[in-house]
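> for reference, the sequence and a predicted model appear below.
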Amino acid sequence: MKSTESRQNWLFYYLLVQGMAGTFWWILLFQMPESRVWFLSEQLPEQVLISFWSLFLFVIPALLIWFESLLGWSRFHFSEQQFWGMMLFILGGSLGLTSGAMMGIYGRGTPLPLDAAPRLVVVGPYRYVRNPMAIAGLTQGAAVACYAGSWLTLIYVVSGFFLWNYYVRPIEEQDLLQRFQNEYATYRNTIRCWIPCSQGYQPPSSHREDSD
């Protein structure tokens, strides 16, 4: 039993290292002069992306798990819990990295408001759902809660969903509507926010011509 737990811990730590490796891949990409024009402005430090990712997916959950231990709260358990936690983390990380890459390559910007993409991105995961980055972050947060069996982390993720959906999303969509006008309005009316569509988005021919 002890050896099984040890192997599971090593697998989780390996997964965390892989996630951080993905982040460092972004750093190396940002250092390439020809890619920096697409991905990041000179005024925005690369550390912002790492800090944002690390704070919400590792630092805050770790503090919540530690606080639970102080309170003596029991953790929830179910069959293959840590396996499904790792799978969710991998899926969420893959979706997040893919969405971020599409934002940089096709949008010529970043997911951060300080360096927003000047082009509307409707390729990759964005063809099927409007907010793949938010889905990826919530999925990874739920994965951490699942792996650790942490009730507070799960509440934190659910609270994050409501905060993003009812406070952040309206502000973001209003900004996109002002910047891209009918192009974004058509996209928003066609593609759902949280539930992926079965058919990918096809921009009207007039929008495709404008972007060329």
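It's in. What you are looking at is a predicted structure, and each value in this text was computed from that prediction instead of being measured.
> switch to C-alpha atoms for all contacts and neighbour counts from now on
Fine.
> where's residue 194 relative to residue 170, distance?
Plainly put, residue 194 is 14 Å away from residue 170 if you go by Cα to Cα, to the nearest Å.
> for stretch 87-105, what is the average pLDDT?
Averaged across stretch 87-105, pLDDT comes to 88.
> then stretch 165-182?
92.
> likewise for stretch 124-131?
The average pLDDT for stretch 124-131 rounds to 94.
> span of it from start to end?
First residue to last in stretch 124-131 (Cα to Cα) measures 12 Å.
> and the contacts of that stretch?
With Cα atoms under 8 Å, 6 or more residues apart in numbering as the test, stretch 124-131 has contacts from 95, 98-99, 102, 132, 188, 191-202.
> doesn't residue 144 belong to a helix?
Yes - with DSSP: H, G, I helix; E, B strand; the rest coil as the criterion, residue 144 is assigned to a helix.
> and the closest residue to it other than its chain neighbours, what does it touch?
Distances taken as Cα to Cα, 6 or more residues apart in numbering put residue 85 closest to residue 144, at 6.4 Å, once the chain neighbours are dropped. Contact analysis of residue 85 by Cα under 8 Å, 6+ apart lists 142-147.
> any idea whether residue 85 is helix, strand or coil?
helix.
> so how far is residue 151 from it?
14 Å.
> got any residues that touch both of those two?
residue 145.
> what comes into contact with the helix or strand encompassing residue 186?
Using DSSP states H and E, residue 186 falls within helix 182-190. With Cα under 8 Å, 6+ apart as the test, helix 182-190 has contacts from 120, 130, 176-177, 201, 203, 207.
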